[in-house]
Structures are given as structure tokens and as C-alpha cells.
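prediction below, plus the sequence it came from.
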Amino acid sequence: QVAPKVPRGLHCSAATHSSDSDSSVVPRPPEPSRWPMKGLAPHQELFGQAPSGERDKASFVQAVQNFKQHSVRRRGHVDFIYLALRQMRQYGVERDLAVYNLLLDIFPKEVFRPRSIIQYIFVHYPRQQECGLAILEQMENHGVMPNKETEFLLIQIFGHKSYPMLKFLRMKLWFSRFKNINPFPVPQDLPQDPVDLAKLGLRHMEPDLSARVTIYQMPLSKDSTGAADPTQPHIVGIQSPDQQAALARHNPARPIFVEGPFSLWLRDKCVYYHILRADLLAPEEREVEEILEEWNLYYPMQLDLDYGRSGWDDYEFDIQEVEEGPVFAMCMAGAHDQATLAKWIQGLQETNPALARIPVVFRLARSTGELLAASPGLEDLPPQPPVQGQEEEEDNLQRQQQQSQS
Amino acid sequence: MSGGGLFLRAAATTATATARACRALAAFTASRRSLRTSPPSQGFAKELFLGTIEKKEVFPFPEVDQEELNEINQFLGPVEKFFTEEVDSQKIDREGKIPEETLEKLKSLGLFGMQVPEEYGGLGLSSTMYARLGEIIALDASITVTLAAHQSIGLKGIIITGNEEQKRKYLPKLASGEHIAAFCLTEPTSGSDAASIQTRATLSEDKKHYILTGSKMWITNGGLADIFTVFAKTQIVDSNNLVKDKITAFIVERNFGGVTNGKPEDKLGIRGSNTCEVHFENTKVPVENVLGEVGGGFKVAMNILNSGRFSMGSTVAGMLKKLIEMTAEYACTRKQFNKKLSEFGLIQEKFALMAQKAYVMESMAYLTAGLLDRPGVPDCSVEAAIVKVFSSEAAWQCVSEALQVLGGLGYMRDYPYERLLRDSRILLIFEGTNEILRMYIALTGLQHAGRILTARIKEIKRGNVNMIVETIGRRLRDSLSRTVDLGLTGKDGVVHPSLEDSANKLEENVYYFGRIVETLLLRFGKTIVEEQMVLKRVANILINLYSMTAVLSRASRSVRIGLRNHDHEVLLANIFCVEAYHQNVFALAQLDKYSPENLDEKIKKVAQQVLEKRTYICAHPLDKTS
């Protein structure tokens, strides 16, 4: 018997994540909420002055310029910078180094530089230094690497021996080490189209580069001609030649399972995928790959020797490895119900004739509504038909008679 | 022309036969004598794996008797004349075809049946004579390949495993060139992997025919051939009453029907040879045309492939000798800075290299041919593979160096040099790639050594006092004295004193090679099959050892019988031996280390990382992090 949660065990680590309405997964920049604003923050009027009302880099820069002209002595610049930092996301400039430099440029120069050891020991102008730190921290959270100009500005504003400068140096050091630490980088800008996103997600998970992505079904928008039909969700699958071969070798007496949905986070988007897998064969049932006698025309594939490596010759670390059953294919679909996934299986049969003989069991977890909200790509789908409680009765194996369909 | 050759041949046979008989007797007594002390020899190269030199096999350098030599020399004249005067290699290369009249002339010279026994209308040349003739034929690579595909592999199956009837039916016409043969093994899915052969032959209802269906690719002579040696899967019932797919070899005539071929492939080199796909569609092959046993095709294929390799040594040597002539001519006439090119050290170095490689290759080729010509069925497949690997790599290296001497001239299509470069590239690939042959060389030897060493270990475990004492004694001697004497030099030495240093170096290498083999077998056991980088080094060492032996043997003979320019030979031999010795010492030191120290581990890691991403993964040098 398989416990209802078992199939999800290894795949759903992200499922416990926040169910916030906000879609940020990457650590969100902490709101600069040290100065809780009641009502309208000072200088709020500067933002939103743009004639077109558009929120882009130009209007943001304009707002900053307005502030500079508006208060020549830069009165209230700390408040303004905190406000600007908060506004950056809305203007879509949170990854723009030039804008951060512009914000730093608001600080009056030379004023906050400590001039004696005493000033240096007792934090000089702590509020300003903290504000500088806030800028750098927001840069850090968005992965913006400071440049020479930033350094120059920081030295001008706070001097060499200051906390923002220290932060700057640390960023310089660690950013270069961590920037490419992810061996599986996700592109900065994710595609908006759910099909493209699904392709990206599948490629991201599949280690085999010769795997082929197949679009089994293109999405039909709701207002297309076939309005009578229920919306057709997209189905995108991936399968590698090795998986195909493994599926062809699979013993048809053993059922294979469609499991899911499992979540995958791509930056701030969550997508769901299903896998087609089989249980691990018991060791005694596995076919031992034997070396054929007449195989290689040119050289012997094995030596007829009594020497063998004994336990003493094992130089590897003792690693406990957990073996999992084979995964034959993965898919991402617009809907997580059995009908949609059956279409996927049907599509797979075209390239995997063996699949017609193998019973397929659907083990779908209840489509978890709380996570769906987090994924904007999936939001506008019609309400899912409730998936009947397979979880309750796992042994109620629904054998798909795929032959009749193909 | 061929009639004349045959007549001469017939006159010489009686003398040859007696000489052979004498040699056979000598070999017989020799082997009986050795039985008492050590197991009978299994081929020279394999014995090297045990750290011993079977000097009886390779010293003195094999000779042919005078009459045979005269005969071949008379035959060589017209062939050489034909090749230098009538064969237009440039035209063959440009047009991608050997002209009809050239082929006709080759046939009339009898070159299509060089190794076919005389009773079937061939020249019946010994391996040595075949190698000698190969030197001349090498002047045109396309013709060499066409002839080699015809008789080295195409009809070899019939000679080796064919029954009397098949021989009588096919060999005369093949020998005369009326029919051309091709060897059909490679398939789109199967290179060296016999299990993935898709071509299938099924027995017909009346059990009189096999129905053959499938496609073969890259078949040399595929478009010209009338007789094909085809390998196909057949179902056979084995001793346990299990139905199994096994490979069977067939002789297929083009007029059996259903044989078609694709258009000739456009190749980098050897453009005059005909290479194409061959398709068999429901070809009816009579059961009499099964070559060897049904289901025994694998062995047939292996034997054919193993037997065809030794000739590459002399072929390449022939080509190189010509190349040295042509390049030297240029180097001695072109002047730069009022100096001839030949006066520059770096140019001289290249000529020394070419001469040295040609010399080594020649020595190995004729030594191996001599070993093959011994009575009985000598197994020289390892030696032949060594010759193939060495000569193909040397050919590529030397042609490349020659082009370097010629500078821009060598790159121009108006001159023959670029063609030689293109033609020589295939040598490293066909007849088993050099990588695969290295595995063959190393694994065959290790298997041999492994058997004997396991037997020794078993004896020790059983408590055989003699063996224990011997082993301990050897270990003691190893640790006490550093000089190795395997009896090549000294009082009963077989090597001329002028080569004494080189011989000692060879002895040292051989001895420590034997030790390393033992270490490796203990370290890896059976799993050494997986350690390809280790095996490559083992093969490289063995190639060096065999070539050093060949060179020493030949040079010693030359000095002793006083051949012309034997001092030059001694020079070449000494240069080669010292270089090879140092390579061997380095390789031995690497083999002694474990993979983290000898870089193998790192190399593997780099390869894995690149192959995982299937691309070059380093960031661009101009990339920045910010």
C-alpha cells in the first residue's frame, strides 16, 4: 500500500512555501519599514508627476531629478531615498544599477565622512549610513553588482572607513563568488506564454540534452470559435531516447503511474508537472546486463581472469544511495485532471508503442488550490473539475485500457 | 605478364619448399627444447607482457631465400614502371575514379590475386613478398585501397575459411580480376559492435537458400564488386535448444539478384576508390555459399580483420620513401638567405624524423611478415595491430612534417602533397581505428599475462615451495640490483655491440613492463577492461617495445652481413631506441601511479563536464561579473 503522500515525498519540497498573494519566491527585498509611514509619506507627490502617468525608468529618474531641484539642500533626502527604494519595483527599475547610483548621488558629498578616529569609532551620521546600507542591501537582494561609480560615490559620501563601504567591499567579494553558483541557471526574464514556460521548465529538469520536447496539445483560448468546447489546456511533455528505450523494455505486467502535480519554482513562478514512472524492480528481478560473447569485433570486452577486485580495493567513500524507480516521461499541463493527463499518455503512445500494453494508473494528489493562486500563468484557467479522491482509496487502481483509445 | 611471374614462381617452388621444411624443422626443435623450461611461446608480443623477450622468434631478422628474392625483384620492375609512368594519381583523385584501362593493366599484372594460392590462379605470394609488392602499389593510395579491399579483406574469407568447392568456384576469377570482391560488415548501426548488425538471413522453406535482407554502408569497392563477403544475423539453435541470433558469413554474387548499391561517397582522401552503400533485398543465397559454419561468422570476421593489417606497414613505408625523395629534392634546391633549406637545423630534424619512422615501420612490417611466413598457423594478430597503429600514425605525422618543409607549396592542389595528406588520414581510421586496436593490443596481452600469473599465484597459494622461493628470489634480486639482463647482449648476445646500449634499454623496459603488468593486474583485476587510459599506455609501451626489437634485430643483421649504409641504420636504430626508451620510462612511471596522480582523474572530469553540457563551458575571456 502506498500512503497518499508518498509519491509526493521527494518532489514537493516547495509546496510548503508561502501561500501569500505576493508571488515572490526569491527572498523579497525587506520592505524598508523601519520608518513606518502613516498616511502619505513625505515627497510622495514627486512620484506620479509624470505627465503620461506611466511608470518607467524615465519617470523615476525624473522624480529623482525633481527632488534634487526641489530641495537644493537635500532636506529630507533620507526619507526620500527610502521612499524611492520602495517605489523601484513599481517602476520596474529594481535591477538597474544606474538608478541605484542615481539614488546614492542624492546624498550630499563630503558631509558624512568621518574626519577623526573618534568619529570613526562612534558611527558617524548613523541614520545616513543606514540609509546607504539600505540602498546596497536592496541592490544585493536583486543581484545588482555595484561598479566603480558606486564605489566612487560611497567614498565621496561616507569615506573609506564606513559601514556602507564595508558592505560594498563584501558585496564585491561575495557577489563574484555566488553569481554563477547555480549550475542550472534560470533566465532572468521568464517567458509569459505558459507553453514556453512549460518548455523551459521541462528542459530545466531534464538532464539529458537529447530529450525531445513535444507539445501534445496547444491551448485554445476561451474566446475562440470552439466556444462550446471546454477550454483546451496545453500539454507539453519531454522524453529522452533513453527513457523511451526503458519504457519499451518495461515489463507490461507491471503498471506504471502518472503522478503529480509536483511543483517547480522558476524564479518567482511556480509551475506544476507530472511524471510517468514505475516502481523500482526488486534486485532479484532486475535483468543483469551481461556481456555478450560475440560482441566486439575488435577486442575482448572482458578478460577471463581469476583476479578480481576485493573489498580492499574499494577506494570510494561509503555512500548510502537510495535508488528510485525509473521515470519514463514528464509533462506540464494546463490542467491537472485525469482527462488531460490521459491525453498526454495517448500522445506518448505514438512514439512509445509499448505503452499501449502497459496499464497506466493515475495517482493524482488533490489539486492544491492554495498553490495555484501563486502561479499567475495558471490563474485564468477555469475551475478544475474536482479530482475524485484517489488519495482516499489508493488501491482503487484505475486501469486505463489504452488499447481502445489508440 | 602474370604468366611470366607464374612460371618463375613454379621454378622456385621446389627450392622454397625444401627451405621451408628446414625452417619448420628448426622451429620444431626449438619449441621442443623450450617446453621443458617454460610454456610454449604464444607469439612474441604477448610474451613481452611477462617481461621476457623470446629472442629466438625475432633474432635474427627473418630473411627470404635468394631465389624468391630474385623472382620478386624481376616482378617488381614492370609494376614499378607501370605505377610511375602510367598511373596518374592526380587525375584519379580529381575524377574520383580509377580509369578502366588502369584497372585492366592491374589485372593483367596479376595484382588482384597476389595472395591467392597458385593452384587457384593467383600469385601465391608469401606475406613478405606481398608486403614488398605493397611498397610499390602504395604510390597511389586509391589503387592500394581498392586492391586491399579486394584481397586483404574481400576475398580473404574464402582463402581462410572457404571450403574446397568455394575456393575452386570463386578464387580463379577473383585472382584474375575478372570479379572484384568487397567486404560487407559495417552497417549504419554497427561499426565494431557485432550485436547490432541488422542485416538478416533467413533460411527458405526448402532449406536450399538463405534470404538476405539489409543494408551495408561504407563498402569499399561496393559499386565495382561482383562478389561480396556479407555478414548477417541468422537464427540458429544452440546446444541447449535455445534459438539464438548469430552472425554468419556468406559469399554473395551480384547476380543473385536484389543487390543494389548507392552512389559513390564523396570522401576526403582516397577519392579514387569506390565507397558506397550496398543494399541486399531478398537476395537468394544458396546454402553452399555459407562461409565457414552457420553461426560462425563472428570468428570469420575477426580472422579476416586480424589478418589484413600487417601490410599497412610496408605500404606506408613505400609511400614515405617516395615522399622523402620528393621533399628532399625541394629542400636541397630552394634557397633562403643564401642558404639551402637543407642547411637549417629544423628542416634537418624533419628529415631525420621521416627517415627514422620509415625505417622503424619497414623493420616492423618485414619482421611481422617474416613471423607470419613461418610454417604452421602463427598467431601474429597483436604484432599486426602494432604495425598498423604505428605506421598509420607515423604516416600522418611524416606527411604533415613534409608539408611543413614545403611550406605554402604543400598546401596547393597543383602539387601532390596535399593529396598525400588527405589520403593518409584514413589510415588511422579504417581496418579498426587506432583507439580500438590499442585496446586490442593491450587486452590480448593482459589476458595472456593474466592467465600465467594467476596460475603462478595459485601455485603459491597451494604451497609450492619452488614457486615461493622463486618469487621471493626475484623480488630480492629486483630490490638489490638495478641492471637487467635478458640476454640480448653479452657473450651469447644476438644484438650487435654497436647497438648494445639500445639493447640494454630495451631489456630494461621489457623487464619493468612485465612488473608493471603484474601490478596493474593486481590493482585492477578484471575491471582493467574499463580503464581505457591505462590500457592506452600499456599499448603504447608495447608498440614501442616491439618496434625497438624490430629495429635492433634488423640493424644487427645489416651490420653483420655488411649491407650498404649499415652505419646509417645503426644511427637510426639508436636514435629511435633512446627516444622510445624515454617515452616508455615516462609511461611506466605514470602507470605506476594511481589515477589522481597521473592526471587521468582530472582528464576524465574535464571530459565529463564538457560532455554533460555538450559544449565548451568556460566563460569568454572578455566576460565580466558586473
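Sure, I can see it.

which strand or helix spans the residue of the stretch 351-500 of chain B found nearest chain A?
Using C-beta to the nearest C-beta, the closest approach of the stretch 351-500 of chain B to chain A is made by residue B:440 at 3.8 Å. C-beta coordinates here come from the backbone N, C-alpha and C atoms, glycine included. Using DSSP states H and E, residue B:440 sits within helix B:434-462.

who touches the next helix or strand after that helix?
Next helix or strand after helix B:434-462 toward the C-terminus (DSSP H and E): helix B:465-480. Helix B:465-480 is contacted by residues B:456, B:459, B:460, B:515 when judged by C-beta atoms under 8 Å, 6 or more residues apart in numbering or on different chains.

using the three-state scheme, assign the residue lying closest to the last one once chain neighbours are set aside.
If the residues on either side of it in the chain are set aside, residue B:515 comes closest to residue B:51, at 6.4 Å by C-beta to C-beta, 6 or more residues apart in numbering or on different chains. Three-state call for residue B:51 (DSSP: H, G, I helix; E, B strand; the rest coil): coil.

for the helix holding residue B:440, packing partners?
Counting contacts by 3 or more C-beta pairs under 8 Å, 6 or more residues apart in numbering or on different chains; DSSP states H and E, helix B:434-462 packs against helix B:44-48, helix B:381-406, helix B:465-480, helix B:500-524, helix B:532-561.

go with 10 Å
When contacts are defined as 3 or more C-beta pairs under 10 Å, 6 or more residues apart in numbering or on different chains; DSSP states H and E, helix B:434-462 sits against helix B:44-48, helix B:297-307, helix B:381-406, helix B:465-480, helix B:500-524, helix B:532-561.

got CSV for these, with mean pLDDT too?
Putting these into CSV (pLDDT from 0 to 100) gives the following:
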stretch, mean pLDDT
helix B:44-48, 91
helix B:297-307, 91
helix B:381-406, 95
helix B:465-480, 82
helix B:500-524, 91
helix B:532-561, 96
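
dump these to a markdown table, plus distance to residue B:117 and mean neighbour count.
Listed next are these as a markdown table, based on distance: least, C-beta to C-beta, whole Å; neighbours: other C-beta atoms under 10 Å in any protein chain shown:
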| stretch | distance to residue B:117 | mean neighbour count |
| --- | --- | --- |
| helix B:44-48 | 27 | 25 |
| helix B:297-307 | 15 | 22 |
| helix B:381-406 | 20 | 24 |
| helix B:465-480 | 47 | 11 |
| helix B:500-524 | 37 | 21 |
| helix B:532-561 | 28 | 24 |
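
got the phi/psi numbers for residue A:212?
Backbone geometry at residue A:212, expressed as degrees, to the nearest 10, gives phi -110, psi 130.

dihedrals phi and psi, the residue nearest to it when sequence neighbours are not counted?
Leaving out its chain neighbours, the residue that sits closest to residue A:212 by C-beta to C-beta, 6+ apart is residue A:239, at 6.3 Å. Here is the backbone geometry of residue A:239 (degrees, to the nearest 10): phi -150, psi 140.

how close does residue A:239 sit to chain B?
18 Å (C-beta to the nearest C-beta, to the nearest Å).

so who does that residue touch?
Residue A:239 is in contact with A:202, A:206, A:208, A:211-214, A:247, A:276, A:327-331, A:348, A:351-352, counting by C-beta atoms under 10 Å, 6 or more residues apart in numbering or on different chains.

from those, which ones fall inside strands?
Residues of these located in strands (DSSP state E): A:212, A:213, A:214, A:276, A:327, A:328, A:329, A:330, A:331.

is it correct that the third one is in contact with residue A:332?
No: checked against C-beta atoms under 10 Å, the pair residue A:214 and residue A:332 is beyond contact range at 11.5 Å.

okay, and the common contacts of these two?
Joint contacts of residue A:214 and residue A:332 (C-beta under 10 Å, 6+ apart) are A:199, A:202, A:235, A:236, A:237, A:238, A:344.

list the contacts of the first one.
Under the criterion of C-beta under 10 Å, 6+ apart, the contact list for residue A:199 reads A:191, A:193, A:213, A:214, A:215, A:236, A:238, A:332.

let's see that with 7 Å instead.
By C-beta atoms under 7 Å, 6 or more residues apart in numbering or on different chains, the contact set of residue A:199 is A:213, A:236.

show me what counts as buried in the helix or strand containing it.
Element membership for residue A:199 (DSSP H and E) is helix A:194-205. Residues of helix A:194-205 classed as buried: A:194, A:195, A:197, A:198, A:199, A:200, A:201, A:202, A:205 (neighbour count, 16 or more other C-beta atoms under 10 Å in any protein chain shown).

distance to residue A:126 and pLDDT added to those, as a markdown table?
Listed next are these as a markdown table, based on distance: C-beta to C-beta, whole Å; pLDDT from 0 to 100:
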| residue | distance to residue A:126 | pLDDT |
| --- | --- | --- |
| A:194 | 49 | 89 |
| A:195 | 52 | 92 |
| A:197 | 45 | 93 |
| A:198 | 50 | 93 |
| A:199 | 51 | 93 |
| A:200 | 45 | 94 |
| A:201 | 46 | 94 |
| A:202 | 51 | 94 |
| A:205 | 47 | 92 |
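
any idea of the mean pLDDT in the strand ranked longest in chain A?
For chain A, the longest strand by residue count, based on DSSP E, is strand A:256-266. On average, the pLDDT along strand A:256-266 is 90.

quick check on the closest residue to residue B:90 other than its chain neighbours: phi, psi?
Among residues not flanking residue B:90 along the chain, residue B:416 sits closest, at 6.5 Å (C-beta to C-beta, 6+ apart). The phi and psi values for residue B:416, taken as degrees, to the nearest 10, are phi -80, psi -10.
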